[in-house]
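J.: predicted model and sequence below, questions to follow.
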Amino acid sequence: MILHYLDLSWRSLKRTPLISALMIAAIAVGIGITMTSLSVYHMMSMDPIPQKSDRLFQPQLNTMDDGQTWWTEDDLPYQITYNDAMNLYNAPIPERKVLSMRTGFSVHMNSSEVKPFLQGARVTGRDFFAMFDLDFVYGGTWSESQEREVVPVVVISTELNEKLFGGQNSVGKQIYLDDTSYEIVGVTEPWDIHIKYYDLNNGAFSNREEMFIPYSMIAAKELNSWGNTNGWKYQEINNYQDRLQSEQFWLQFWVELNSPEEEQEYREFLTAYLEEQGKRGRYSREKVQFALRDVNEWLDYNNVVSEDNRVLVGLSFMFLTVCLANILGLLLGKFLRRAPEVGVRRALGASKRQIFLQHLVEVSVLGLLGGLLGIGIAQLGLWGVRQTYSYYNALATMDLTMLLAAPSIAIGACIIAGLYPAWLVCRTTPAIYLKTQ
Amino acid sequence: MLEIKPIFNAMRRSKAGAIMLLIQIAITTAIVSNASFIIYDRVQYLQQETGYPEDEIFHFAVQTFGKDVDLSQQFELTETTLRNIPGVINAVAMQEIPLSGGGSASSFGINPTSDQGRQGREVRSAYTYGDEHALETMGVDLIEGRNFNQNEVIIAQNRDVLPTVAIVSKTFLEEIFPEGDGLGQTIYLGDMPLKIIGVVGKMMGPWLKDSRPDNLIVIPFVNAGVYQKVLVRADPEQRAQVMGQIEDILLKEYDQRVVVNLNGMDESKRRYNASDILMLRMLVVLITVLVLVTALGIFGLTVFNINKRTRQIGTRRALGARKSAIVRYFMVENGIICIAGLVIGSAAAVYMGTALLEHYSLPALDHSYIGMTAIFVLVVSLLSVLVPANRAANISPSVATRSI
């Protein structure tokens, strides 16, 4: 029966080519525009690590005096001080935790074969890879003793390994970062994330670091942050040691808490830690304040999905509504003009239900055609987005969800638009039309 | 005269089509007026005067890994090398690059900061280190005071000797010394006193979206870092060619370093504003297509109505109606729907403007945009009717006499 209806719809489309084309174009354009903004929104708002996003937390500590404000909604700074980072890192709980910071080096091989180039690096703890599910192709992370004893070791990405060693197993080889030679201990697999959720300082969609080195290098090499450094009070800082001891916020910290009990335990630990710091007179606060946000809460808190994008998605759905009103008007005219034909079919025994279904199949066909054409238009739109700035390259694409969503939204929308006209036409009383002929 | 009553009665017999058209026109009006206002706002922002000849300036950064040189002295040399490239107007090692989206800011006060904090007025401003070539390289002019003398520029690798003077933007000066007697006064960065010796009319800081985008202070200090930014101004025609040679020339001078982030000022400003440019483009496409879809919808619906009413039109013509009466009929019919749609749409636009203002950091909708949009939509809608209506007017009266 469905096949017969499909055949009927196809004939009907061909009978009024201009109107059919107008309707399909309207849906296609509506879907094209909507899917363009929705795809970008979808990529921006996607959970970057769905399997454990509710187990990774970023603690934020308020270590400022009472009365000091920050530009976040709850007056908590985004990052923490070096001292706090070290204290939390050396604390007994939880099992997995890392401090981290973005810096960079000129990379060279101490030979003329590779021209020196500048490369971003992440300074972090050895559990970084396990916490963020970053696997290794060769080797692995550095050991605890290497971390403690400030051994110059480095983990590099597949991309960098490709560039420097042609993709060979490079574990054990040396590369120069600025003037120090580092031994490669591991090569990570390609990391398929497009939101740099573990450090939003340089923009949520900016490039990831291609090298990882132990956190103990911060003090040893006097590394500068390539992210943000923010202070809240005036402190004389004349050398690097002053900086390490200062109240400036410039490090990120992540913990992995696997159960509500662990979370509770860590909250109690943080409360105790902050109370103790307050007692030492580091800051004057009535009561301690901190926050423990998981990955998605953290992205929300940092407004990773831009306002503009939300406005655009809203506007494009309104636009889709206009297209639907457009189609509804056209369908009404088209279906009602067919009343005599429907009258005859009704007289020959077709039930109201069958007539209704037949017309819904017809609008679904319209929706499908429009939806497919809409994907084409959306691809064009996304291409335009990518042209604006390469920053959007990873974001302005349609993944499978979006590719399937396009025709579904199109067909769904068309059925909504077709309900009323189909209902009108199936109420046709056969007698009137039989009489006139 | 306009036969509104019979038209209105006829419309009541096919309500649904008319209502759909009305909804379309209403939503179109609401979207177009709000979107065009956002567009206007972004265009204003993107095209604002920054004070710099953006097409003449480019910048890059140098990461030095060699440890055998004094960086500040090295960059004095590098500046000279750069200035000798044909086509280069001037070059300077700067701590921060204007309009680039990255920089330093601090609060500057009329009193020094002590352990108890700071008394008196303080104003937040972006600042950068640079030397006596900074102003010419940035392409900005002093409106009052003078440039740095060579002996006021401190070239050092440590902070033992600190600069004592500064050149500030007019906006900053007026904010911190509202009485207008700022030139020659002293401001403090932390507890470091800086005497204001010059005022620049317009030079914007690194962040165009800052709450104080026009505040910038230049401090005569050369304290070159391992990662050092350099600003160069060249003849606009030769800029691309000069940029092409930079890396080779600099590495020839000293090779224990890497040249990175070589970009024109206009380019890095575009990058900083990429999201605004994107929003602008998307909105322009959105409203263009929207108006087109609405126009096509009106066109399609009128064609349908005319087809449906071929015989009635023939009959009217046979009974003596002029062609113009037929055209007028459709124009008036559409006009009624359109005006009703515009009234509802304008109300929706105002509502939408308020909602956007409330939930997002968008400026309040200027109501003249609704008026302009309404007129525009009315014209587009009448034009879309005109074509099919003229076709209807050409229906021969004999159609009425044929049976099918």
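T.: The structure has been received and is ready for your questions.

J.: okay, strands next: where are they in chain A?
T.: Along chain A, the stretches classed as strands by DSSP state E are A:56-61, A:96-108, A:117-124, A:136-139, A:153-157, A:174-177, A:180-188, A:211-214, A:252-256, A:290-294.

J.: possible to save those as a markdown table with mean pLDDT, mean neighbour count and distance to residue B:64?
T.: Where C-beta positions appear, they are placed from N, C-alpha and C, glycine not excepted. Shown next, in a markdown table, are the strands of chain A (pLDDT from 0 to 100; neighbours: other CB atoms under 10 Å in any protein chain shown; distance: least, CB to CB, whole Å):
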| stretch | mean pLDDT | mean neighbour count | distance to residue B:64 |
| --- | --- | --- | --- |
| strand A:56-61 | 93 | 23 | 34 |
| strand A:96-108 | 91 | 23 | 8 |
| strand A:117-124 | 92 | 21 | 11 |
| strand A:136-139 | 93 | 17 | 31 |
| strand A:153-157 | 95 | 26 | 21 |
| strand A:174-177 | 91 | 19 | 14 |
| strand A:180-188 | 93 | 20 | 15 |
| strand A:211-214 | 94 | 25 | 19 |
| strand A:252-256 | 94 | 22 | 27 |
| strand A:290-294 | 92 | 17 | 39 |
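
J.: the ones you listed into JSON lines, with extra columns for distance to residue B:133?
T.: Formatted as JSON lines, the strands of chain A follow (distance: least, CB to CB, whole Å):
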{"stretch": "strand A:56-61", "distance to residue B:133": "43"}
{"stretch": "strand A:96-108", "distance to residue B:133": "26"}
{"stretch": "strand A:117-124", "distance to residue B:133": "25"}
{"stretch": "strand A:136-139", "distance to residue B:133": "49"}
{"stretch": "strand A:153-157", "distance to residue B:133": "39"}
{"stretch": "strand A:174-177", "distance to residue B:133": "33"}
{"stretch": "strand A:180-188", "distance to residue B:133": "35"}
{"stretch": "strand A:211-214", "distance to residue B:133": "36"}
{"stretch": "strand A:252-256", "distance to residue B:133": "38"}
{"stretch": "strand A:290-294", "distance to residue B:133": "47"}
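
J.: distance to chain B added to those strands, as TSV?
T.: Putting these into TSV (distance: least, CB to the nearest CB, whole Å) gives the following:
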stretch	distance to chain B
strand A:56-61	22
strand A:96-108	4
strand A:117-124	5
strand A:136-139	25
strand A:153-157	15
strand A:174-177	8
strand A:180-188	10
strand A:211-214	14
strand A:252-256	19
strand A:290-294	22
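
J.: nearest to residue A:82, of these?
T.: Closest approach to residue A:82 among the strands of chain A (CB to CB): strand A:96-108, 8.7 Å.

J.: can you tell me the strand partners of that closest one and which way each runs?
T.: Applying DSSP bridges, strand A:96-108 is found paired with strand A:117-124 (antiparallel), strand A:174-177 (antiparallel), strand A:252-256 (antiparallel).

J.: for residue A:60, which of the ones you listed is the nearest?
T.: With CB to CB, the closest approach to residue A:60 among the strands paired with strand A:96-108 belongs to strand A:252-256: 8.8 Å.

J.: relative to strand A:56-61, how tilted is that closest one?
T.: Taking axes from the mean of the first three to the mean of the last three CA atoms, to 10 degrees, strand A:252-256 and strand A:56-61 form an angle of 130 degrees between their directions.

J.: dump strand A:252-256 to CSV, keeping only the CA atoms.
T.: Presented in CSV, the C-alpha positions along strand A:252-256 are these (Å, rounded to 0.1, in the frame of the first residue of the first chain):
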residue,chain,number,x,y,z
GLN,A,252,44.8,24.2,36.1
PHE,A,253,44.1,21.3,38.3
TRP,A,254,42.0,18.1,37.6
VAL,A,255,41.0,15.2,39.8
GLU,A,256,39.3,12.0,39.0
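
J.: now do that strand: distance to the chain's middle.
T.: In terms of CA atoms, centre = their mean, to the nearest Å, the gap separating the centre of strand A:252-256 from the centre of its chain is 19 Å.

J.: residues in contact with that strand?
T.: For strand A:252-256, contacts defined as CB atoms under 8 Å, 6 or more residues apart in numbering or on different chains pick out A:52, A:55-59, A:79-80, A:84-85, A:88-89, A:94-101, A:127, A:131, A:198-199, A:201, A:266.

J.: how about residue B:109, what does it touch?
T.: Going by CB under 8 Å, 6+ apart, residue B:109 touches B:118, B:119, B:120, B:121, B:122, B:123, B:187, B:188.

J.: which one of the residues you listed is nearest to chain A?
T.: Checking the contacts of residue B:109 against chain A by CB to the nearest CB gives residue B:118 as the nearest, at 8.0 Å.

J.: next, count neighbours for that closest one.
T.: By other CB atoms under 10 Å in any protein chain shown, 18 other residues sit near residue B:118.

J.: if you rank the contacts of residue B:109 by neighbours, which is first?
T.: For these, neighbours tallied by other CB under 10 Å; top is residue B:187, 26 neighbours.

J.: quick one, strands of the stretch 51-200 of chain B?
T.: In the stretch 51-200 of chain B, the strands defined using DSSP state E, counting those that start in this stretch lie at B:57-64, B:88-94, B:104-109, B:122-130, B:142-145, B:154-155, B:165-169, B:186-189, B:192-200.

J.: quick one, the last one and strand B:122-130 angle?
T.: Meaning strand B:192-200. Taking the same axes, to 10 degrees, one finds strand B:192-200 and strand B:122-130 inclined to each other by 80 degrees.

J.: kindly report the same for the first one.
T.: Here strand B:57-64 runs at 70 degrees with respect to strand B:122-130, directions being taken by the same axes, to 10 degrees.

J.: low-confidence ranges, chain B, go.
T.: Filtered on pLDDT under 70, chain B yields the residue ranges B:1-2, B:400-404.

J.: any part of the lengthiest helix in it near chain A?
T.: The longest helix of chain B (DSSP state H) is helix B:323-359. Yes - counting by CB under 8 Å from any CB of the partner chain, chain A is contacted by helix B:323-359 at residue B:356.

J.: touching chain A at all, the helix or strand that that helix is followed by?
T.: Next helix or strand after helix B:323-359 toward the C-terminus (DSSP states H and E): helix B:368-393. No - judged by CB under 8 Å from any CB, helix B:368-393 and chain A are separated, with a smallest distance of 11.2 Å.

J.: check contacts around the residue sitting nearest the centre point of chain B.
T.: Centre of chain B computed as the mean C-alpha position; nearest residue by CA atoms, centre = their mean is residue B:46, 2.3 Å away. By CB under 8 Å, 6+ apart, residue B:46 lies in contact with B:273, B:276, B:277, B:280.

J.: what do you get if the cut-off is 10 Å, keeping everything else the same?
T.: For residue B:46, the contact set (CB atoms under 10 Å, 6 or more residues apart in numbering or on different chains) comprises B:208, B:269, B:270, B:273, B:276, B:277, B:280.

J.: can you tell me the SS state at residue B:213?
T.: For residue B:213, the assignment made with DSSP: H, G, I helix; E, B strand; the rest coil gives coil.

J.: can you pull the contacts of the closest residue to residue B:308 other than its chain neighbours?
T.: Spatial nearest neighbour of residue B:308, excluding adjacent residues (CB to CB, 6 or more residues apart in numbering or on different chains): residue A:337 at 6.5 Å. If you count contacts by CB under 10 Å, 6+ apart, residue A:337 has them with A:16, A:19, A:425, B:304, B:307, B:308.
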